[in-house]
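Chemist: Structure for the following, please:
(2 chains)
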Amino acid sequence: DTGVSQNPRHKITKRGQNVTFRCDPISEHNRLYWYRQTLGQGPEFLTYFQNEAQLEKSRLLSDRFSAERPKGSFSTLEIQRTEQGDSAMYLCASSLAGTGVVGYTFGSGTRLTVV
Amino acid sequence: DAKTTQPNSMESNEEEPVHLPCNHSTISGTDYIHWYRQLPSQGPEYVIHGLTSNVNNRMASLAIAEDRKSSTLILHRATLRDAAVYYCILTGAGGTSYGKLTFGQGTILTVHP
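Modeler: A predicted model of the protein is given here:
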């Protein structure tokens, strides 16, 4: 297993367009998380899945954001009607239930630039 | 979540030890102390964690104060590849915890050749 994979690595989009990011977690991990990181700040929690169920969403996740994890495998994060304030690094992480945060593995992220 | 306080930045020379401090005066008895680091253009990676006793692994050592209100991440011999942002994070040990991490701004470590 090569770890958590995120695609694309970079995305430039015009304001108002929709974008979708994909995350492929470590295959045996049943928990998947999305974080957002802006320049100079630490990552901020967005949402979390256990298997296919989305169990928590941060207040940071406006109605324009939607995340899915069909069949409890890969996950997608979609942003509709992008705004310049959405420009950030979007990080995905996965872990195995019962290992707490020790088994938390992050991907390298997708950097979104909204122009 | 209990809050942590770290210096904004620290500098070190290559092959010298580095001591990265973290204050967490409001830590509860069941909070674990975790350290993650983030290399440039990468996602964070786990470094080490502990509860009460000092911990060692292949990457670093974690020294926890007796009152647990502070801790220190020790890199025994810094290399250029250790240049990163280091985050000190507290997590609860409750059985329902799903491992959500609350990051602060961390400490930017610069390593000079």
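Chemist: for chain B, which spans come out with low pLDDT?
Modeler: B:1-2, B:93-99 (pLDDT under 70).
Chemist: Centroid-nearest residue for it?
Modeler: Nearest to the geometric centre of chain B sits residue B:35, at 3.1 Å (C-alpha atoms, centre = their mean).
Chemist: And the spatially closest residue to that one that is not a sequence neighbour, how far from chain A?
Modeler: Counting by C-beta to C-beta, 6 or more residues apart in numbering or on different chains, the nearest residue to residue B:35 once its immediate chain neighbours are dropped is residue B:47, at 4.3 Å. Yep, even glycine has a C-beta here, placed from its N, CA and C like the rest. Separation of residue B:47 from chain A (C-beta to the nearest C-beta, to the nearest Å): 11 Å.
Chemist: Run through the residues that contact residue B:47.
Modeler: B:35, B:36, B:37, B:59, B:60, B:73, B:86 (C-beta atoms under 8 Å, 6 or more residues apart in numbering or on different chains).
Chemist: and the second one, which of the three is it?
Modeler: Reduced to three states with DSSP: H, G, I helix; E, B strand; the rest coil, the structure at residue B:36 is strand.
Chemist: Report the beta-bridge partners for it.
Modeler: Going by DSSP bridges, residue B:36 is paired in beta bridges with residue B:46, residue B:87.
Chemist: ok, it - how many residues close by?
Modeler: Around residue B:36 there are 25 other residues, counting by other C-beta atoms under 10 Å in any protein chain shown.
Chemist: Confirm for me that it is in contact with residue B:87.
Modeler: Yes: applying C-beta atoms under 8 Å, one finds residue B:36 in contact with residue B:87, separated by 4.7 Å.
Chemist: Find residues that contact each of these two.
Modeler: B:44, B:103.
Chemist: At the contact with chain A, which residues of chain B appear?
Modeler: Contact residues (C-beta under 8 Å from any C-beta of the partner chain) of chain B with chain A: B:32, B:34, B:41-46, B:49, B:85, B:87, B:89, B:91, B:93, B:97-106.
Chemist: Go again with 6 Å.
Modeler: Contact residues (C-beta under 6 Å from any C-beta of the partner chain) of chain B with chain A: B:34, B:42, B:43, B:44, B:91, B:99, B:100, B:103, B:104, B:105, B:106.
Chemist: Going through the residues you listed, which ones are buried?
Modeler: Listed as buried from the residues of chain B next to chain A are B:34, B:43, B:44, B:91, B:99, B:100, B:103, B:106; burial here means 16 or more other C-beta atoms under 10 Å in any protein chain shown.
Chemist: I appreciate the help and will end here.
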